[in-house]
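quick check, what structure comes out for this input:
(2 chains)
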Amino acid sequence: MIKQSTLKPENAAFRETVPAGEYFLKVVKTGETVRILDLEGNQAADTLFYNAHNPTERYSAVDTIREQGNVYLTAGSKLMSSENNVMLEITADTCGRHDTLGGACAAESNTTRYALEKKCMHACRDSWLVAVTEHEELGMTKRDITHNINFFMNVPVTADGGLTFADGISDAGKYVELEAKMDVLVMISNCPQLNNPCNGWNPTPIEVLVWS
Amino acid sequence: MLQTAASPYATPLYDDLIPGGSHWSFIMRRGHVLRLIDETGGANVGMLMYNPENPLERYNMPDTLKNQHTFLLTKGHVLLSDMGRVFASIIHDDLGWHDTVAGTCNADLVEQRWGKKTYQEAHNHYHRNGFNSFLNELAKYGLGKKDLTANLNWFSKVKTDDDGNMTFAEGHSHAGATVDLRFEMDTIVVLHTCPHPMNPASEYPSHPLRYQLFKAAPVTDADPCKISSPEATRAFANTALYHLMQ
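Numbers count the residues shown, from 1 in each chain, chains lettered A, B, ... in the order given. Okay, the predicted model is just below:
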């Protein structure tokens, strides 16, 4: 569902551009709104959320889709934690659909999806591993890397059980906005994938904005 | 079913029945088959998988689905780890559709849908839930909440319409329905027989699982799972590399 935001970027308390291939890590407090903005179009923002006070509670793709009875995320979707609590709600969305079934690319999944010799190419799960390794204070490791949201990605499921990759619903300036229902740690890998059209073979920056 | 007298799948090495609403775990060794049998019809078997040598390697739902361009699991599919390898191949399936996207039931869900039944009141018929059942078994391997991932739901079907709305298929599995999983790596198999979280039944669904173990027939280069897709073939190559020095 397309729903515009009423928030103005010039009023944001926080703005940061995240280049392709980089990670983003920030706590967003209860009641704050975070916007992820696709600056140049067709970028994939692979995102994980954790309870900022207890990262063993984290975004759960399967609990989220089951509780809302729908496999796609858009305005109105409530993002559920592994402990059955609402973490965030999508309050605005100019893209209309986001994927949470396709997961994030990894060096290892690049070998199976594309070619064995792709094993050293950059991937989202590597970016998250760098993020948790560079932030030892979080006490997080590979055990915390779980199934994520792919903002701006369209992965349609067919009635007969097929899974297809139909990108191209995002564009420059499209965004998704979420209101935090608990203090959440936001961890984004701005996808470096070079092997499929999700980024148009040209990974580009995103911008993250937060309103208090 | 693969049960001719000459077949290695005629006489099980082991045969066991797990009651409904229970949990269990064991290590499957590579080169063996785990046969899951829905003894009464209507079963749901929640399953998670880990590498006993390094439990940080675990079953990965997104990688399994996207590598095979599928939303359902059935014969011919492989179950992938997050490290690009094959835990198990589905070499036989009577049902054509098993779920891996709807997760598992938790204490709140079970109580809201089927009421609370305590152990003191109901003994072995008390209402257990999949989330706590998984945690109970995971703890036996030093694992915990951080290790929970999207699980498999054998014998259950969840389909979607064109708008992505999900529906649980009632009456999907029949008595005797069988799935055969051939393990390509040593694997910690964690399972429960708690209800599927979307099952709308008015009474707590409690259906046992019969499971059997067999020595697998050798995997040839023409194996249907191995050649089912270029992605599966590469996952088998990664798995062979993992075993290169064994």
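
run through the chain and note the low-pLDDT ranges.
As the question left the chain open, I've gone with chain A. Chain A contains no residues with pLDDT under 70.

my question was about chain B, not that one.
Across chain B, residues meeting the criterion (pLDDT under 70) sit at B:1-6.

how about the residue in it positioned nearest to chain A, secondary structure?
Chain B approaches chain A most closely through residue B:62 (2.3 Å), counting by CB to the nearest CB. Quick note: C-beta positions are derived from backbone N, CA and C, even for glycine. Classification of residue B:62 by DSSP: H, G, I helix; E, B strand; the rest coil places it in helix.

show me what contacts it?
Applying CB atoms under 8 Å, 6 or more residues apart in numbering or on different chains, one finds that residue B:62 lies in contact with A:61, A:101, A:102, A:103, A:104, A:147, B:150.

go ahead and name everything in contact with the longest helix anywhere in chain A.
When secondary structure is assigned using DSSP state H, the longest helix within chain A turns out to be helix A:124-134. Applying CB under 8 Å, 6+ apart, the contact partners of helix A:124-134 are A:21-23, A:25, A:46, A:48, A:104-107, A:109, A:138, A:140-142, A:144-145, A:148, A:187, A:189-193, B:82.

and the residue of chain A nearest chain B?
residue A:103 (2.3 Å).

circling back: helix or strand right after the longest helix of chain A?
Toward the C-terminus, helix A:124-134 is succeeded by strand A:149-151 as the next helix or strand (DSSP states H and E).

who does the very next helix or strand once past that next one touch, helix- and strand-wise?
Taking DSSP H and E as the definition, the helix or strand that follows strand A:149-151 towards the C-terminus is strand A:174-180. On a contact count with 3 or more CB pairs under 8 Å, 6 or more residues apart in numbering or on different chains; DSSP states H and E, strand A:174-180 meets strand A:33-38, strand A:86-93.

point me to the residue sitting closest to the centre of chain B.
Among the residues of chain B, residue B:47 comes closest to the average C-alpha position under CA atoms, centre = their mean, at 4.0 Å.

er, chain A I mean
residue A:47 (2.6 Å).

kindly state the beta-bridge partners for that residue.
On the basis of DSSP bridges, residue A:47 takes part in beta bridges with residue A:149, residue A:188.

any idea how far it lies from residue A:194?
Distance, residue A:47 to residue A:194, by CB to CB, to the nearest Å: 20 Å.

what number of residues lie near residue B:97?
Summarising burial for residue B:97: neighbours were counted as other CB atoms under 10 Å in any protein chain shown, giving 19.

narrow the contacts of helix A:124-134 to those that are buried.
For these, a neighbour count by 16 or more other CB atoms under 10 Å in any protein chain shown gives the buried set as A:21-23, A:46, A:48, A:104-107, A:109, A:138, A:140, A:142, A:144-145, A:148, A:187, A:189-193, B:82.
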